[in-house]
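Peer 1: Quick check, what structure comes out for this input:
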Amino acid sequence: MYGFITLFKKEILRFWKVGFQTVMAPVLTALLYQLIFSHVLSQHVEAYPGVSYTAFLIPGLAMMSMAQNAFANSSSSLIQSKITGNIVFLLLPPISAPAFFGAYLLASVVRGLVVGAGVLLVTAWFGLPLPAQPLWLLAFAVLGCGVLGTLGIMAGIWADKFDQLAAFQNFLIMPLTFLSGVFYSINSLPPLWRSVSHLNPVFYMIDGFRYGFFGQADVSPWLSLAVVGGCFVALSLWVMRLIASGYKLRH
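Peer 2: Residues are numbered from 1 along each chain as shown. Prediction:
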């Protein structure tokens, strides 16, 4: 466990030492989204019965920020190590694939949760109620960060340079997060686009997380949990196989 603990501490310190960039900046971005969208749409949109649009928006922004930062943490760390060449110092010690994966994943989850807590803290004064289902909220927060942290490891392993990683983020992660019901309920969409939204795993993360606050959701929280949990298990097994094979790490 020494290798796992040391690598985990290294990853925590890596983002914490530049916390103004890695934590405060995404919190500020979410606050700006909240200010703009709540000002423009709060009098015109009611996503759930009895829930103001301003309150509806907060969990979606928090989950979106957690997901994006969990992805950024693991992907940026791996690509930086590969480009600077210090990845060799992580591969030389006898760290098993599960320990290597677990350290990067857990650090990504921690960063995501810290950012999410910051977003909820600065937006709570907009009228966010206390969680109606706190265990559901926690489950989707951890699993959502886990899925995107795992995707970040995959992207960091696959990418050879920063523009490849940027393409992965801009053409996959950003559309998945922005088109997942952060700013709207998918029940307001036409039938075709509602069906397309059901193919987006990030939708289930946000919908389940929102259920934790309001006790209301667009789909069953059990379905959301099954989809998010299944994605996490499948991606984790795939990424650990990549790490064990040394794909783009050892050769």
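Peer 1: Where does the closest residue to residue 95 other than its chain neighbours fall, secondary structure wise?
Peer 2: Closest residue to residue 95 apart from its sequence neighbours, by CB to CB, 6 or more residues apart in numbering: residue 3 at 3.8 Å. C-beta coordinates here come from the backbone N, C-alpha and C atoms, glycine included. Per DSSP states H and E, residue 3 falls inside helix 2-16.
Peer 1: Tell me which other helices or strands that helix touches.
Peer 2: Packing partners of helix 2-16 (3 or more CB pairs under 8 Å, 6 or more residues apart in numbering; DSSP states H and E): helix 53-84, helix 97-123.
Peer 1: Only the buried residues of the last one, if you could.
Peer 2: When neighbours are counted by 16 or more other CB atoms under 10 Å, the buried residues of helix 97-123 are found to be 99-116, 118-120, 122-123.
Peer 1: what about whatever helix or strand comes next after that helix, average pLDDT?
Peer 2: Counting by DSSP H and E, the next helix or strand C-terminal to helix 97-123 is helix 134-158. Averaging pLDDT along helix 134-158 gives 96.
Peer 1: Ok, stretch 13-22 next?
Peer 2: For stretch 13-22, mean pLDDT rounds to 93.
Peer 1: How about the secondary structure of the closest residue in space to residue 48 that isn't next to it in sequence?
Peer 2: Once flanking residues are discounted, residue 48 sits nearest to residue 216: 4.8 Å by CB to CB, 6+ apart. Of the three states, residue 216 takes coil according to DSSP: H, G, I helix; E, B strand; the rest coil.
Peer 1: so what's residue 216 up against?
Peer 2: 48-49, 51, 210 (CB atoms under 8 Å, 6 or more residues apart in numbering).
Peer 1: and it, backbone torsions?
Peer 2: The phi/psi pair for residue 216 (degrees, to the nearest 10) reads phi -130, psi 150.
Peer 1: before we move on, the earlier item: pull out the buried residues from the helix holding residue 3.
Peer 2: Within helix 2-16, the residues that count as buried by 16+ other CB under 10 Å are 4, 7-8, 11-12, 14-15.
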